[in-house]
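>>> A predicted structure for the sequence below; I have some questions about it.
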Amino acid sequence: MATTIAVLRDRIASVCARSPFTLTQAATPFDFDLQPTGQIDGVFRLTSEAGDVIGGFNYSEERTDRVEIWIARKQAASPGGAYRLLLADATSIRAAVIRDGVTGGGDYHVPPDGAGMSINHDPGREYAVLRLTLPINYEATV
């Protein structure tokens, strides 16, 4: 069944927002700057980038786009604890997105190649940020 990247982004956002993660979507998809610092812990945002088009017929195409899931965790007095929590977020959310693609309707899948993860902390910020990159393969509506 053909779909769009917007629909898949909504599905991935739903995975992040529901239990057991219960993350909150950021005020803007571009950064965490508009998020109140008292509410930054457990906030996520999604970005996407067009990837490879493999081909298709009848106004559809098979594509593999990249979706980045950004998660902010407040460090407080425990930067090591925040780092470990972000590592757990990365593996758990990746598994949940893979499961959603398979059991949530089978509209997409996450290929093993092209995934990535980084955790950064900008000086002066009270939170660290996970960037989880997932390739999403799906049949898109043209």
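That came in fine, so what should we check first?

>>> contacting residues around residue 20?
By Cβ atoms under 8 Å, 6 or more residues apart in numbering, residue 20 lies in contact with residue 92. To be clear about C-beta, it is placed using only N, CA and C from the backbone, and glycine gets the same treatment.

>>> so how far is the longest helix anywhere in the chain from its chain's centroid?
Taking DSSP state H as the criterion, the chain has its longest helix at helix 79-103. A distance of 10 Å separates the centroid of the chain from that of helix 79-103, by Cα atoms, centre = their mean, to the nearest Å.

>>> three-state assignment of the most far-flung residue of the chain relative to its centre?
In the chain, counting by Cα atoms, centre = their mean, residue 58 sits farthest out from the average C-alpha position, at 29.7 Å. Using DSSP: H, G, I helix; E, B strand; the rest coil, the structure places residue 58 in coil.

>>> cool, and the one 5 residues further on?
With three-state DSSP as the basis, the three-state label of residue 63 is strand.

>>> pLDDT weak spots in the chain?
1-2 (pLDDT under 70).

>>> which stretches of it form helices?
In the chain, the segments counted as helices under DSSP H are 5-17, 79-103.

>>> dump those into JSON lines; add mean neighbour count and distance to residue 49 as well.
Formatted as JSON lines, the helices of the chain follow (neighbours: other Cβ atoms under 10 Å; distance: least, Cβ to Cβ, whole Å):
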{"stretch": "helix 5-17", "mean neighbour count": "16", "distance to residue 49": "9"}
{"stretch": "helix 79-103", "mean neighbour count": "16", "distance to residue 49": "16"}
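
>>> turn the ones you listed into CSV, including distance to residue 132.
Shown next, in CSV, are the helices of the chain (distance: least, Cβ to Cβ, whole Å):
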stretch, distance to residue 132
helix 5-17, 10
helix 79-103, 5
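
>>> quick one: which of these is nearest residue 64?
Closest approach to residue 64 among the helices of the chain is made by helix 5-17 (10.9 Å; Cβ to Cβ).

>>> now that closest one, how far from the chain's geometric center?
Centre-to-centre, helix 5-17 and its host chain are 8 Å apart (Cα atoms, centre = their mean).
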